[in-house]
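Q: Return a 3D structure for these sequence lines:
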Amino acid sequence: MNHALFASTLKNLTILYVEDDKNIQTHIAEFLTRYTSHLYLSNSAEDGLKLYKKIKPDILLLDINLPGMSGIDLAKIVRKNDLKTRIIISTAYTDKEFLLTAVELMLTRYLVKPVTSIELVNALSKAASEYNNDENTQLINLGQGYFYNKDSKLLFLENKAISLRRKEMQLLEFFIANKTQTLSYDVLQYEVWKETPMSKDAIRAQIKNIRKKTHANIIENISAIGYRLYAEINK
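A: Numbers count the residues shown, from 1 in each chain. The predicted structure is shown next:
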């Protein structure tokens, strides 16, 4: 590991670490204080939430099994209004249900205990990269609480996943990729459906489906031309 590089990565970021096992917390905290002076500790989700509201950390490192409110419950509260803070969860679980929860909460990474220093460094480095590089974020704000995750290809309202059909997803992604442009029926036909003929009514129906699953203003009509992603989203 390049210690100087890792220290430079973390030096300007605030980390909140929530862990109820004192031995584990002390061990990891001692490791992290070698690289950052902006480390805050909590041993419960309730106290962690109070600290989160006070310090607004850049990275939230959570254990899943906490007394009272769980780490997952804390992450859900954070994600209701905050998609910027990067979240890493340590857990003993690897089942499919937890994996889906991890995707829905847009976690940077989940770490299976016991966590090694290399795994922790890799996870924190990834979290720092995601936090510092807004242009590379996979989360697209679609307005009115809706977000699209380009990596997982999932649509979210707050932290709840909303299912999209394959063509709906492709159509929405094409609008996102060309968010400042007005797209004609011909362009949508050629770029999204390729050589499969689609009538204007069929394309309108697909757009209507996307609106039903999000909000009425997400894709706006441009009279006699076509459609574009709602202008307010582009600001």
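
Q: could you pull out the strands for this protein?
A: Along the chain, counting by DSSP state E, strands occupy 15-18, 39-42, 59-63, 86-91, 109-112, 139-143, 146-149, 154-157, 160-162, 183-184, 219-222, 226-229.

Q: TSV for those strands, including mean pLDDT, distance to R204 and mean neighbour count?
A: For every residue, glycine as well, the C-beta is placed using N, CA and C. Converted to TSV, the strands of the chain look like this (pLDDT from 0 to 100; distance: least, CB to CB, whole Å; neighbours: other CB atoms under 10 Å):
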stretch	mean pLDDT	distance to R204	mean neighbour count
strand 15-18	98	47	24
strand 39-42	98	51	18
strand 59-63	96	43	26
strand 86-91	92	39	23
strand 109-112	89	41	17
strand 139-143	81	19	17
strand 146-149	83	20	19
strand 154-157	84	20	19
strand 160-162	82	21	12
strand 183-184	94	13	17
strand 219-222	93	9	15
strand 226-229	93	9	21
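
Q: wait, which of those is closest to S129?
A: Nearest to S129, of all these, is strand 86-91, at 9.2 Å by CB to CB.

Q: residue contacts, A92?
A: Contact analysis of A92 by CB atoms under 8 Å, 6 or more residues apart in numbering lists I64, N65, V112, K113.

Q: Go through this structure and flag its longest helix.
A: helix 117-132 (DSSP state H).

Q: Could you export it as CSV, keeping only the C-alpha atoms?
A: Listed next in CSV are the C-alpha coordinates belonging to helix 117-132 (Å, rounded to 0.1, in the frame of the first residue of the first chain):
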residue,chain,number,x,y,z
SER,A,117,-6.7,-3.5,6.4
ILE,A,118,-6.3,-3.9,2.6
GLU,A,119,-10.0,-4.4,2.2
LEU,A,120,-10.7,-1.3,4.3
VAL,A,121,-8.1,0.8,2.4
ASN,A,122,-9.6,-0.3,-1.0
ALA,A,123,-13.2,0.6,0.2
LEU,A,124,-12.2,4.0,1.6
SER,A,125,-10.2,4.8,-1.5
LYS,A,126,-13.2,4.0,-3.7
ALA,A,127,-15.5,6.0,-1.4
ALA,A,128,-13.1,9.0,-1.6
SER,A,129,-12.9,8.7,-5.4
GLU,A,130,-16.7,8.6,-5.7
TYR,A,131,-17.2,11.6,-3.3
ASN,A,132,-14.6,13.8,-5.1
